[in-house]
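next comes the sequence, and after it the predicted model I'd like to discuss.
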Amino acid sequence: MAIGAATSQGFPDSRRQPSRHHCQTHNAVLAAHLLLQSVEAKLPKQKKNLDVTKYKNAMVSHKGRSEAH
């Protein structure tokens with residue numbers, strides 16, 4: 001085939017469309033990356049909320065022990 005000749009798909013050799021499998025893989029990687037970014041954005045807030053809850057529970061427990069004595 002000559003340089004720059006059209007393939008059976010009508011595109012030059014250097015500009016062939018990616019396969020459907022390649023597009024699906026690319027989309028899956030993109031979706032996974034976006035999901036990871038979303039999780040990373042939420043984790044600090046969840047950790048902060050968990051820390052606040054643990055602190056409150058510790059304070060209630062401490063207050064209960066203090067009043068028992």
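Happy to help now that I have it.

only C-alpha atoms from now on, for both contacts and neighbour counts.
Will do.

helices of this protein, residue ranges please.
Counting by DSSP state H, the chain has helices at residues 20-68.

point out where the protein drops to low pLDDT.
In the predicted model of the chain, residues 1-18, 21, 67-69 satisfy pLDDT under 70.

from residue 53, how far off is residue 47?
10 Å (Cα to Cα, to the nearest Å).

typed the wrong thing, it's residue 23
Residue 23 is 44 Å from residue 53, by Cα to Cα.

same question for residue 62.
From residue 62 over to residue 53 (counting by Cα to Cα), the distance is 14 Å.

can you check residue 38 too?
23 Å.

please apply the same query to residue 36.
Counting by Cα to Cα, the gap from residue 36 to residue 53 is 25 Å.

ok, residue 30 next?
35 Å.

kindly report the same for residue 33.
In terms of Cα to Cα, residue 33 sits 30 Å off from residue 53.

likewise residue 31?
Distance from residue 31 to residue 53, by Cα to Cα: 32 Å.

and residue 62, what does it touch?
Residues in contact with residue 62 (Cα atoms under 8 Å, 6 or more residues apart in numbering): none are found.

should've said residue 65
Taking Cα under 8 Å, 6+ apart, one finds nothing in contact with residue 65.

and it, how far from residue 59?
Distance of residue 65 to residue 59, given as Cα to Cα: 10 Å.

how about residue 42?
Counting by Cα to Cα, the gap from residue 42 to residue 59 is 26 Å.

ditto for residue 29
Counting by Cα to Cα, the gap from residue 29 to residue 59 is 45 Å.
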